Every structure is written in structure tokens, then in C-alpha cells.
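**Q** Let's see this in three dimensions:
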Amino acid sequence: MRIDQLLKKLCLVKTRSIAKKACDKNLVTINDKIAKASSTVTDGDIIEYQIYGYFNKLRITTVPKGNVSKNNAPQFYDILERKKLELE
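**A** The predicted structure follows:
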């Protein structure tokens with residue numbers, strides 16, 4: 001699944017266009033490599049992204065096959081790190 005779609009389906013961003021813009025600004029990485037919006041995510045990948053003033057690092061346990069409800073979204077990933085970004 002594409003990284004922009006995955007971030008939206010797992011309710012980590014509000015819209016897919018926000019995820020795409022974050023990828024365009026090099027704010028999203030998959031396994032320590034800068035991700036394009038069309039980059040493919042597989043089970044076990046480590047995703048890092050900076051959005052909404054936070055740095056997030058998570059491991060995808062399972063890539064969802066279809067739509068995911070907001071309540072069920074956390075079962076598809078493990079949060080490894082989350083910290084507030086300091087404003088410059």
C-alpha cells in the first residue's frame with residue numbers, strides 16, 4: 001500500500017493530501033529512507049514522520065487490506081517514539 005494512503009487509513013493524518021505534502025517536503029521516511037507519496041509499505045516497516053508539531057516513529061505490524069475504523073486503527077501499528085518538536 002502507498003504510504004500516503006496508509007497514513008490516512010490508519011487515521012495518522014486527516015487527509016491523504018496532507019500525507020502527500022509531508023512526503024513532498026521530505027518529512028516522511030520508511031526504514032530510514034526518504035519516502036515519496038507513492039512509496040510502498042510492507043509489514044514490519046519502520047515509518048518516521050513529522051507532522052502537526054510532533055515527531056512520530058512507528059512499526060507497521062500489518063498493512064490493512066481495506067478501510068479501517070478509527071477504533072481499530074491502532075492494532076495495525078506499534079508506536080516506538082513520539083515527541084513534541086521544539087519550535088525554532
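**Q** Wasn't residue 22 part of a helix?
**A** Yes: secondary structure of residue 22, determined by DSSP: H, G, I helix; E, B strand; the rest coil: located in a helix.
**Q** For it, which residues are in contact?
**A** 7, 13, 28, 49-51 (Cβ atoms under 8 Å, 6 or more residues apart in numbering). Glycine gets a C-beta too; all of them are placed from N, C-alpha and C.
**Q** out of the residues you listed, who's nearest residue 84?
**A** residue 50 (10.8 Å; Cβ to Cβ).
**Q** buried residues in the strand or helix carrying the closest one?
**A** For residue 50, the host element (DSSP states H and E) is strand 46-51. Of the residues in strand 46-51, 47-49, 51 count as buried by neighbour count, 16 or more other Cβ atoms under 10 Å.
**Q** From those, pick the one nearest residue 69.
**A** Nearest to residue 69 among these, with distances taken as Cβ to Cβ, is residue 47, at 20.4 Å.
**Q** Tell me the confidence at the closest one?
**A** Turning to residue 47, the model gives it a pLDDT of 96.
**Q** Which strand residues bridge it?
**A** residue 30, residue 58 (DSSP bridges).
**Q** Would you mind measuring from it to residue 87?
**A** Residue 47 sits 23 Å away from residue 87, taking Cβ to Cβ, to the nearest Å as the criterion.
**Q** Residue 52 now?
**A** Distance from residue 52 to residue 87, by Cβ to Cβ: 13 Å.
**Q** So the two - more neighbours on which side?
**A** Using other Cβ atoms under 10 Å, the more surrounded residue of residue 52 and residue 87 is residue 52, with 13 against 5.
**Q** For the more buried one, give its distance to residue 27.
**A** Distance from residue 52 to residue 27, by Cβ to Cβ: 11 Å.
**Q** cool, residue 75 as well?
**A** In terms of Cβ to Cβ, residue 75 sits 25 Å off from residue 27.
**Q** Flag the shaky bits of this protein, pLDDT-wise.
**A** Residues of the chain that meet the criterion pLDDT under 70 lie in 88.
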